[in-house]
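1. based on what follows, work out the 3D shape:
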Amino acid sequence: MLTDRRKELIAALVLITPFLVIYGWMFVWPTIQMVTISFTNAPLIGKGDWIGLDNYRALLADPVFHTALWNTSYFVILTVVPGTAVALLIALMVSRLRGWLQSLVLALFFLPFILPVTVVYVIWDWLTNVRFGLLQGVIEPLAGRNVNVWRTLPWFMPGVALITIWWTNGFSILLFLAGLRNIPRDLYEAASLDGATRWQLFTRITWPLIWPVTVLCLTIQLILQLKIFDQVYLFAQGGRTRSTMVMVQYIYETAFQRNQGGYAATVAVMLFIIVAIFSVLQFQLLRMRGAR
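-> Down below sits the predicted model:
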């Protein structure tokens with residue numbers, strides 16, 4: 001028995017060694033390097049002098065970092081929970097369809113997810129154009145005039161959040177549909193025979209059984225939206241880039257435009273810590289709620 005167990009252990013180590021090597025080379029080592037560089041004044045390329053916690057002290061007093069942190073947090077609030085709720089609602093509606101109609105509707109909702117961000121930018125920049133944009137017909141009654149969404153600060157972040165939900169929700173819809181299909185139909189039939197309403201079916205059967213998928217979607221969305229960059233960078237071109245700055249954009253600007261590799265690494269470390277803490281905390285809290 002000991003010999004068999006030793007052989008199994010050796011086989012397991014042989015199988016996981018390639019993954020461990022690649023993971024260590026592609027993630028662990030760069031992370032250690034990033035943390036190390038954050039304690040120096042290194043440029044983007046090359047070595048720098050050790051300055052200890054000076055970068056972190058400067059970061060805490062940096063108003064641009066505070067703006068980037070607030071904008072990122074605001075964007076997360078606008079997208080994570082609302083986007084997941086919309087995806088669940090759409091999945092519930094799509095799940096009631098059958099055959100080719102369900103496939104067609106699902107494809108229409110999933111299609112934006114496969115578009116490159118530049119295509120998304122061109123589509124929505126055209127739709128919201130002040131002179132000829134089709135959506136100005138909706139914006140004008142609300143604002144009383146045509147609005148340049150991407151040059152008007154109160155409109156900018158909600159507009160980007162709306163586009164992001166439209167663009168990325170296809171993946172969450174697929175996850176919810178997979179979860180809904182795993183719920184046994186017998187439960188619904190038994191509850192219907194007992195006189196349960198649609199709301200009771202949702203709150204007593206669907207929602208509890210689909211909660212693990214909801215936790216997964218919320219966690220994935222949180223991680224993705226904390227790392228928002230592409231949409232904000234593209235739509236803010238020529239606009240108030242400082243006012244709309246987000247964390248990853250600040251890292252890019254500090255490293256590639258100001259050649260401050262050490263300070264950019266400090267911002268990246270802070271973002272890494274924020275993503276790790278909030279992702280683990282949210283996942284554990286939601287899992288604990290589902291267990292109850």
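2. for the residue nearest to the spatial centre of the chain, give me the backbone phi and psi.
-> The chain has Leu224 as the residue nearest its centroid, 2.2 Å off, counting by CA atoms, centre = their mean. When read as degrees, to the nearest 10, the backbone of Leu224 gives phi -60, psi -40.
3. how near is it to Val80?
-> 9 Å (CB to CB, to the nearest Å). Any C-beta I mention is one placed from the backbone N, CA and C, and that applies to glycine too.
4. and for Phe27?
-> For Phe27, the distance to Val80 (CB to CB) stands at 24 Å.
5. please identify which of the two sits among more neighbours.
-> For Phe27 versus Val80, neighbours defined as other CB atoms under 10 Å are more numerous around Val80 (23 against 10).
6. let me see the contact set for that one.
-> 218, 221-222, 225 (CB atoms under 8 Å, 6 or more residues apart in numbering).
7. confidence score at the closest residue to Gly159 other than its chain neighbours?
-> Among residues not flanking Gly159 along the chain, Val149 sits closest, at 4.7 Å (CB to CB, 6 or more residues apart in numbering). Per-residue confidence (pLDDT) for Val149: 85.
8. contact partners for Val149?
-> Neighbour list for Val149: 128, 139, 155-156, 159 [criterion: CB under 8 Å, 6+ apart].
9. min pLDDT across those, which one?
-> When these are compared, Ile139 shows the smallest pLDDT, 84.
10. which element is that residue on?
-> Using DSSP states H and E, the element containing Ile139 is helix 136-143.
11. heading C-terminal from that helix, find the next helix or strand.
-> Later in the chain than helix 136-143, the nearest helix or strand by DSSP H and E is helix 153-181.
12. against Ser172, how distant is the residue nearest to Gly159?
-> Per CB to CB, Val149 is found 25 Å from Ser172.
13. ditto for Leu153
-> The gap separating Leu153 from Ser172 is 29 Å, by CB to CB.
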